[in-house]
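In: Sequence first, predicted model second:
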Amino acid sequence: MPLRTRELLRLLAAINSRLSGDVSLPVLAVWAHRSQFDLHRQFRRLVGETPKAYTTRVRLASAAAELVSTDRRVSAVAFDHGFASHEVFTRTFTRHFGHSPREYRTRGLHVAGRRTAAVHASTVGSTAPCISLYRISTAERKPAVPLDISVRDLSAFHALVMRRRVTRDEIATALAESLPTVFGYAQRHGLTITGPPFARYPEVGMGSLVIEGGITVAAPPSAALDDGIEALAIPAGRAVVALHRGPYDCLPESYQEIERWMRDQGLSAAAAPWETYLTDPGERPDPATWETEIVQPVR
């Protein structure tokens with residue numbers, strides 16, 4: 001029997017709550033009531049990486065955030081993130097980030113400060129586990145729920161994005177590729193991550209659309225970016241903001257409700273809309289609890 005999305009999310013929640021403990025494949029197979037072979041195959045199909053690669057990546061991301069936001073000893077950080085020894089941690093960390101833990105800490109974040117470091121660490125901790133699962137389909141629909149819609153004045157922000165032209169059915173796949181790439185680039189280069197992942201839609205057509213998947217950063221990078229990753233600056237301005245509660249599959253209905261609300265208020269779009277994924281699916285496995293903020297700049 002295939003591993004259902006809800007079962008996978010519950011398993012990820014269990015893994016993420018025990019990342020300093022034993023989350024090896026035999027243990028996960030017992031939790032999931034499946035054979036090791038079957039779990040390995042289905043986990044990779046749904047998450048895009050093996051259970052071992054997943055747990056190692058999430059542990060390293062969290063450890064890297066702690067290194068630049070605290071003064072704790074490297075050996076203590078290694079132990080608290082499930083690594084058996086300082087040597088194993090250093091070797092694995094260096095292979096993943098291109099710097100040893102001490103070098104990574106010494107370089108620090110590109111925007112220094114205790115407050116920004118704390119924001120960065122908190123954001124990484126809540127984002128890394130399911131960076132490839134935002135917009136995942138659960139094949140669930142919900143009855144229409146009135147949105148919380150308001151008009152706000154938003155501040156300018158900086159972001160890193162990857163741009164793709166896709167069909168509507170390919171949005172989740174595009175984000176599963178772009179968000180981990182952008183997130184990983186930001187962490188490797190010590191960029192200060194300041195908010196959850198988002199997707200922006202600069203062009204929407206009948207057959208396809210352009211999607212920009214990325215993360216917000218405290219300041220634009222000073223070095224040249226890798227191929228496919230772009231710096232984005234969103235200016236301050238007035239926008240309609242709505243909070244969508246529920247599965248990602250129901251987002252189109254929320255966009256339609258926002259359009260109707262704007263017409264009633266005599267507002268028109270002034271720039272591309274975007275959606276920010278406020279809830280980590282691996283922390284809250286029930287899609288009914290997921291929150292997505294939709295922003296439409298207006299004039």
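Out: Yes, it's here. Residues are numbered from 1 along each chain as shown.

In: and the residue nearest in space to the middle of the chain, what pLDDT?
Out: Centroid-nearest residue in the chain, with C-alpha atoms, centre = their mean: residue 131, separated by 3.6 Å. pLDDT recorded at residue 131 is 92.

In: ok, now residue 143?
Out: 58.

In: now swap in residue 137 and tell me
Out: With respect to pLDDT, residue 137 has a value of 85.

In: I figured residue 110 hits residue 219, correct?
Out: Yes - the pair residue 110 / residue 219 is scored as a contact, 6.5 Å apart, by C-beta atoms under 8 Å. In this view, the C-beta of every residue, glycine as well, is placed from N, C-alpha and C.

In: Show me the common contact partners of the two, please.
Out: Residues within reach of residue 110 and of residue 219 at once, by C-beta atoms under 8 Å, 6 or more residues apart in numbering, are residue 192.

In: And the two? Which one has more around it.
Out: Higher neighbour count among residue 110 and residue 219: residue 110, with 18 against 14, using other C-beta atoms under 10 Å.

In: Look up how far residue 235 lies from the more buried one.
Out: Look at residue 110 and residue 235: by C-beta to C-beta, to the nearest Å, they are 21 Å apart.

In: State the three-state secondary structure for residue 84.
Out: coil (DSSP: H, G, I helix; E, B strand; the rest coil).

In: Just the C-alpha atoms of the lowest-mean-pLDDT helix or strand in the chain, please, in CSV.
Out: Least confident helix or strand, the chain: helix 5-16 with a mean of 87, by mean pLDDT, DSSP states H and E. The C-alpha trace of helix 5-16 is given here as CSV (Å, rounded to 0.1, in the frame of the first residue of the first chain):
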residue,chain,number,x,y,z
THR,A,5,0.8,12.1,2.3
ARG,A,6,-0.7,12.4,5.8
GLU,A,7,1.3,9.3,7.0
LEU,A,8,4.5,10.8,5.6
LEU,A,9,3.9,14.1,7.3
ARG,A,10,3.2,12.4,10.7
LEU,A,11,6.4,10.5,10.2
LEU,A,12,8.4,13.6,9.5
ALA,A,13,6.9,15.3,12.5
ALA,A,14,8.1,12.4,14.6
ILE,A,15,11.6,12.6,13.0
ASN,A,16,11.9,16.3,13.5
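
In: Please identify the buried residues of it?
Out: 5, 7-16 (16 or more other C-beta atoms under 10 Å).

In: cool, and stretch 243-255?
Out: 244-251, 253-255.

In: would CSV of those residues with distance to residue 198 and pLDDT be doable?
Out: Output for those, formatted as CSV (distance: C-beta to C-beta, whole Å; pLDDT from 0 to 100):
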residue, distance to residue 198, pLDDT
244, 13, 94
245, 17, 92
246, 18, 90
247, 18, 91
248, 13, 93
249, 18, 91
250, 18, 91
251, 13, 93
253, 20, 92
254, 15, 94
255, 15, 95
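
In: can you tell me which of those residues lies nearest to residue 172?
Out: Taking C-beta to C-beta as the measure, residue 248 is the one of those closest to residue 172, at 7.5 Å.

In: dump the residue contacts of the closest residue to residue 156 other than its chain neighbours.
Out: Leaving out its chain neighbours, the residue that sits closest to residue 156 by C-beta to C-beta, 6 or more residues apart in numbering is residue 236, at 4.3 Å. Counting by C-beta under 8 Å, 6+ apart, residue 236 touches 153-156.

In: Mind doing that once more with 10 Å?
Out: Contact analysis of residue 236 by C-beta atoms under 10 Å, 6 or more residues apart in numbering lists 153-157, 297.

In: Residue 284 too?
Out: 9, 13, 130, 290-291.

In: three-state assignment of it?
Out: Assigned by three-state DSSP, the conformation of residue 284 is coil.

In: gap between the closest residue to residue 48 other than its chain neighbours and residue 85?
Out: What sits nearest to residue 48 in space, not counting adjacent residues and going by C-beta to C-beta, 6+ apart, is residue 132, at 5.1 Å. Between residue 132 and residue 85 the computed distance is 29 Å (C-beta to C-beta).
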